[in-house]
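Participant: after the sequence you'll find the predicted model.
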Amino acid sequence: MSSPLQISVVIPCLNEEEAVGAVVDQAWEGIRRSGREGEVIVVDNDSSDRSAEVAAEHGARVVREPRRGYGSAYLAGLADAGGDYVVMGDADETYPIQELGPFVDRLEEGDDLVLGSRFQGQIHGDAMPWLNRRIGNPILTGLLNLFFGVKVSDAHCGMRAVRRDALRKLDLHSTGMEFASEMVFKAYRRGLNVSEIPIDYFPRVGESKLNRFGDAWRHARFMLVYSPSWLYFLPGAVLLLLGLIGALVLATGPVDIFGRTWEIHTMLACIAATLVGAQVLQLGLFARTYALVHLNEHDPLIDRLHKRIRLEHGLVLGFGLVLAGLVIVGIIFGSWAASGFGRLGHAHSTALGFTLFGLGVQVVLGSFFLSLLTMRWPGASSIQASNGRPAA
């Protein structure tokens, strides 16, 4: 049954005494223009000025969140919101929150998440520094689009609206500025309907709380951690493939390529690339498997592997590699013994044998660890429920 309260405007606030009153007034004006019932929630993020008092004087309901952080403030505000549609905006007068009507209209028409786009609208004066406008935001938005298949022009716009029933699907956790990225990529990953609306962006009132390089790194780090294809699978596969090809080519001894002789030093580099590549791939597989089983983060490839590959498949592959390595080393040892344990030689093929042995051991142990990751502890659901979080 739909809530009689249709709109909740949630505004995080940290020491915005100068502007928060005007922003609350704009939010009420936007609700009035939309012709719907609503509320304005200001999340006081441990302000040291009169921000909370000013917000309350202008009719906002104040929610206290002592844990500092953009995401922390929003998590508290979203949990307290009672409207069917949640509109988000900052407390510094940078966004035209009074123009929330079209955002809510989009949600009512079926969209799950509506983002404002400052780049499709108008950026007034020095509202966005040149470095942020030309480098920071385009790069971070481009990375988000590339890593997660997102198609937006301004992934970090602070004015956005979301259906309250979509918040459970989004399952948001980030406590810092990367909260904005998490909301966007999870919406795409979960198949929600996402759209953009051009908006104006105005110079802020008061002092900025952004840490330009620190917040940019938090966004980039967050995207890499949640994108194993780029952090693990692609570099791991390249290293493993190049390493194996090089090791096999050099297995019988030095070779002449591109007018140069490639010897044991190159072989050692190929061995390192093979083992490191395999380890990186395993880490990516561990990360995605954990996300699938325990966080309900789905990936088409991992879903298929999870259904078809078992511990025994990994053990067969791993022990096969171990056996192949031992056979190569055994043949070399037998030849050495037959010659009376003289000069050993066969350095390249010996290196290949031990590489296969080491690779096989990695696969065997990694298979056991994957099996452990896919096990669910029977008491996990009840513990998560007692903490107020849904079971994965």
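Facilitator: Now that the structure is in, tell me what you want to look at.
Participant: outline the domain layout of the chain.
Facilitator: Domain assignment for the chain, taken from automatic domain parsing, gives 7-225, 228-386.
Participant: just those: most buried one?
Facilitator: Most buried of the domains of the chain by mean neighbour count (mean count of other C-beta atoms under 10 Å) is domain 7-225; its value is a mean of 19. Where you see a C-beta, it was placed from the backbone N, CA and C, and this is true even at glycine.
Participant: got TSV for the domains of the chain, with mean pLDDT too?
Facilitator: Listed next are the domains of the chain as TSV, based on pLDDT from 0 to 100:
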stretch	mean pLDDT
domain 7-225	93
domain 228-386	83
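Participant: can you give me the strands in the protein?
Facilitator: For the chain, the strands defined by DSSP state E occupy 7-13, 38-44, 61-64, 85-88, 113-123, 160-163, 194-201, 255-257, 260-262.
Participant: relative to Ala73, which of these is closest?
Facilitator: The stretch from the strands of the chain with the least distance to Ala73 (C-beta to C-beta) is strand 7-13; that distance is 3.5 Å.
Participant: and the closest one, what does it pack onto?
Facilitator: helix 20-34, strand 38-44, helix 51-57, helix 70-80, strand 85-88 (3 or more C-beta pairs under 8 Å, 6 or more residues apart in numbering; DSSP states H and E).
Participant: find the centremost residue of the chain, please.
Facilitator: Tyr226 (3.1 Å; C-alpha atoms, centre = their mean).
Participant: ok, and the closest non-adjacent residue to Leu240?
Facilitator: Excluding the flanking residues, the one nearest Leu240 by C-beta to C-beta, 6 or more residues apart in numbering is Gly277, at 3.2 Å.
Participant: so that neighbour sits against Phe233, correct?
Facilitator: No. Counting by C-beta atoms under 8 Å, Gly277 sits too far from Phe233 to count as a contact (10.4 Å).
Participant: tell me the spacing between Gly71 and Arg163.
Facilitator: 19 Å (C-beta to C-beta, to the nearest Å).
Participant: ugh, wrong one, I meant Arg304
Facilitator: Arg304 is 31 Å from Arg163, by C-beta to C-beta.
Participant: hang on, the earlier thing: distance to Ala27 for the strands of the chain - can I get that in CSV?
Facilitator: Listed next are these as CSV, based on distance: least, C-beta to C-beta, whole Å:
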stretch, distance to Ala27
strand 7-13, 4
strand 38-44, 5
strand 61-64, 11
strand 85-88, 8
strand 113-123, 14
strand 160-163, 12
strand 194-201, 15
strand 255-257, 68
strand 260-262, 68
